[in-house]
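A.B. asks: A predicted structure for the sequence below; I have some questions about it.
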Amino acid sequence: MDFIISFLTQYGYWGMLLAAFLAGSFFPFSSEAVMVGLMATGLDPWSLMIYGTIGNVLGSVFNYGVGRMGKIEWIEKYLHVKKEDLDKAHRFLAGHGAWMGFFAFLPVLGSAITIALGLMRSNVVITFIAITLGKLFRYVVLIYGAGLFM
C-alpha cells in the first residue's frame, strides 16, 4: 500500500483523481491517505478536493452502472461485494431513494450503497447529485481536520 500511495503522490492532482476513483469504486483503497500526503507536499487543498470529488464520484458511477446491470452473481464474484452488504445497504436505503446516495462516502457500506442504488434503478440525476454532495462533504471535513483549508 505504501508503494501505491508513493506512486500516486508523484502524479499530484491526477494521482489524487485516480486514488479517489479507486476508493470510490469497489476497490479497498484510501484516497484520504493520498490526499493528506499530497497536502503535506504543498499542493492546493481546494484543487485536491475538486480532483478527489470528481474521481470519487466517477468510482461511484462505475458501481451504480454495475448495479444497474442487475447481475448479483457478478457483483459477488467479480466485485467481492457480499450479498449481506447489499442487503444491509438496501435496508439502509429503504423508502428514502436516490437522496441516500449522499451516504456513499461511508467506508465499506458506501460501495454497497451505490451498487444497491443501481440495482434499485434510482433516479440517476438525484442519485448523482446526492453522491457528489456526500463525497464533497467528506473531503471538506478531511481538509478541515488536517487544518489546511485556505
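C.D. replies: Happy to help now that I have it. Residues are numbered from 1 along each chain as shown.
A.B. asks: please, where are all the helices along this protein?
C.D. replies: Taking DSSP state H to define them, one finds helices in the chain at 2-10, 12-24, 31-40, 45-69, 72-78, 83-93, 109-119, 124-146.
A.B. asks: check contacts around the closest residue to Leu136 other than its chain neighbours.
C.D. replies: Nearest residue to Leu136 in three dimensions, chain neighbours excluded: Thr53, at 4.9 Å (C-beta to C-beta, 6 or more residues apart in numbering). Bear in mind the C-beta positions are built from the backbone N, C-alpha and C, glycine included. Applying C-beta atoms under 8 Å, 6 or more residues apart in numbering to Thr53 gives the contacts Ala20, Thr132, Lys135, Leu136, Tyr139.
A.B. asks: now Met49
C.D. replies: Met49 touches Leu136, Tyr139, Val140, Ile143, counting by C-beta under 8 Å, 6+ apart.
A.B. asks: of those residues, grab the buried ones for ChimeraX.
C.D. replies: Selection of the buried residues among the contacts of Met49 in ChimeraX, burial being defined by 16 or more other C-beta atoms under 10 Å:
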select :136,139,143
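A.B. asks: rank the contacts of Met49 by pLDDT and give me only the lowest.
C.D. replies: Least confident of the contacts of Met49 in the model: Ile143, at 87.
A.B. asks: residues touching it, list them.
C.D. replies: Going by C-beta under 8 Å, 6+ apart, Ile143 touches Met35, Met39, Pro45, Leu48, Met49, Phe149.
A.B. asks: filter these down to the buried ones.
C.D. replies: For those, buried by 16+ other C-beta under 10 Å: Met35, Met39, Pro45, Leu48, Met49.
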